[in-house]
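Peer 1: return a 3D structure for these sequence lines:
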Amino acid sequence: MPNEYDCNTHSHCQLFTPTFQASNSMPPSNPALFSLTSKQKLIQIASGSDPPMMTPPNSIIQTPLLPHQKTGLAFLWDQEIPNGKSAHNLWATSPTGSTCNARHIITNKVVSSFESLSTNTPLGGMLADDMGLGKTIQAIALLGTSTKRLITNPQHSTPTLLNYQLEI
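Peer 2: Just a heads-up that it's a prediction; the model follows:
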């Protein structure tokens, strides 16, 4: 590792500012967050962000999923729909200003930083379980759960759907 390496910067850009000073113009949306460490904030957020378990349709997926696989399927499904519950669990939106010129301030719940830009709902996610825990069956279950949506609202050509059906 080079002597000039600093873990808080990358290409001379600051990655993380350990101290935070709130400006007077933007009061914190949740004052209790300022008294917690970043690690405590992450634990608080993660403890309530797991989606409920989801079971794929039996007509498509006949292999029963284990509880952690059902939770993983619910997480993946939530990542595929706009405005899913877990999409912005690190950000909180609060309106400011009058009703005439109201704007939304987006607050990062971990480092308590403020943004005035709107965030787009991210689609897609990453399932990073350890080897042997069933990521493949969860991905197949996601495809099986999505099949009805694809057939009723086709965004792909019929040959593509037939190929999906042959692969499953």
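
Peer 1: okay, now the unreliable bits of this structure?
Peer 2: Counting by pLDDT under 70, the low-confidence segments of the chain come to 1-51, 82-123, 148-161.

Peer 1: again, 90 this time
Peer 2: Per-residue confidence of the chain (counting by pLDDT under 90) places the weak regions at 1-65, 67-132, 134, 137-168.

Peer 1: domain assignment for it?
Peer 2: Listed domain ranges for the chain are 21-50+88-121, 53-81+124-168 (source: automatic domain parsing).

Peer 1: list the buried residues for stretch 62-73?
Peer 2: Residues of stretch 62-73 classed as buried by neighbour count (16 or more other Cβ atoms under 10 Å): Leu65, Gln69, Lys70, Thr71, Gly72, Leu73. C-beta here means a position set from N, CA and C on the backbone, and glycine is covered the same way.

Peer 1: show me those that map onto helices.
Peer 2: The helices in this structure, assigned by DSSP state H, contain Gln69, Lys70, Thr71, Gly72, Leu73 from those.

Peer 1: so the last one is in contact with Leu142, correct?
Peer 2: In other words, Leu73. Yes - the pair Leu73 / Leu142 is scored as a contact, 6.1 Å apart, by Cβ atoms under 8 Å.

Peer 1: for Gly132, give me its contacts.
Peer 2: The contact partners of Gly132, taken as Cβ atoms under 8 Å, 6 or more residues apart in numbering, number zero.

Peer 1: if I look at it, how far off is His68?
Peer 2: Look at Gly132 and His68: by Cβ to Cβ, to the nearest Å, they are 12 Å apart.

Peer 1: since that was my last question, I'll sign off now.
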